[in-house]
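Novice: only geometry, no sequence info:
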């Protein structure tokens, strides 16, 4: 049994008979929390306006929650990175990028995380880069180096695929985004030679976000103009 992108469900068997394990999932927890809070506040204001408002107010409120809510979902709750031994799936606000490991040319964490695949560059929204966190990790690495820590050479701004950080074991000497990039780069190098990890990058637009937002915007303009 497979998903829409052709990935077998966890617990099923791959074509080569090997077991399929659950994806590793990376996403911004602060982003998810902020999205939930924004949606809660917007929902409360909409219900209040719909129940107590008069004239156009209830209709404006209903149209506004659609225009506001779907982009909030797109930019806070939807972004995620899912990785297994066959492919890397990057869920951005308005599109999903599915990349077999053989097509991954590299990942880079500069001012943002970027994925290079099939001759193109894709932003990775789910793994934001915090320069403040990176500076703090660099300071921690410097203190560790001064104390004689043999692992302190792994500075926060340095991504070294040869030393990936295991999930559940955060490295205080590197920022979270750099750790995630190192893990994903390591998975790409490990799995690129698999027969079932071949292919080209595929992009799928997220119409269930785009269409309702546009319809809500048109409804809002129509209600205000009427």
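Specialist: In hand now; what should we look at? These numbers come from a predicted model, not from an experiment.
Novice: just the helices in this structure please.
Specialist: 29-52, 57-72, 131-146, 176-191, 207-225 (DSSP state H).
Novice: Can you lay out those as JSON lines showing mean pLDDT?
Specialist: What follows is the helices of the chain, written out as JSON lines (pLDDT from 0 to 100):
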{"stretch": "helix 29-52", "mean pLDDT": "95"}
{"stretch": "helix 57-72", "mean pLDDT": "95"}
{"stretch": "helix 131-146", "mean pLDDT": "69"}
{"stretch": "helix 176-191", "mean pLDDT": "92"}
{"stretch": "helix 207-225", "mean pLDDT": "95"}
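Novice: Determine which of these approaches residue 90 most closely.
Specialist: helix 176-191 (9.8 Å; Cβ to Cβ). Glycine gets a C-beta too; all of them are placed from N, C-alpha and C.
Novice: Which elements pack onto that closest one?
Specialist: strand 80-83, strand 87-91, strand 104-109, strand 113-117, helix 131-146 (3 or more Cβ pairs under 8 Å, 6 or more residues apart in numbering; DSSP states H and E).
Novice: who wins for proximity to residue 218 among these?
Specialist: strand 87-91 (26.2 Å).
Novice: Name the residues that touch that closest one?
Specialist: Applying Cβ atoms under 8 Å, 6 or more residues apart in numbering, the contact partners of strand 87-91 are 5, 7, 23, 78-83, 96-101, 104, 115, 122, 124, 126, 184, 187-188, 197.
Novice: ok, it: who's next to it in the sheet?
Specialist: According to DSSP bridges, strand 87-91 forms sheet pairs with strand 80-83 (antiparallel), strand 95-100 (antiparallel).
Novice: Quick one: those as JSON lines, columns for mean neighbour count and mean pLDDT too.
Specialist: As requested, those are exported to JSON lines (neighbours: other Cβ atoms under 10 Å; pLDDT from 0 to 100):
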{"stretch": "strand 80-83", "mean neighbour count": "21", "mean pLDDT": "97"}
{"stretch": "strand 95-100", "mean neighbour count": "21", "mean pLDDT": "97"}
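Novice: Compare the ones you listed and report which one is nearest to residue 66.
Specialist: strand 95-100 (20.2 Å).
Novice: Show residues contacting that closest one.
Specialist: By Cβ under 8 Å, 6+ apart, strand 95-100 touches 5, 86-90, 115, 117-118, 122, 197-206.
Novice: please redo it, this time with the cut-off set to 6 Å
Specialist: Defining contact as Cβ atoms under 6 Å, 6 or more residues apart in numbering, one finds that strand 95-100 is touched by 5, 87-90, 117, 122, 197-199, 201-206.
Novice: picking up where we left off before, using TSV, lay out the helices and strands packed on helix 176-191 together with distance to residue 60.
Specialist: Listed next are those as TSV, based on distance: least, Cβ to Cβ, whole Å:
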stretch	distance to residue 60
strand 80-83	33
strand 87-91	31
strand 104-109	42
strand 113-117	38
helix 131-146	39
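Novice: Quick one: closest of those to residue 213.
Specialist: Residue 213 lies closest to strand 87-91 among the helices and strands packed on helix 176-191, at 16.9 Å (Cβ to Cβ).
Novice: Alright, I will stop here.
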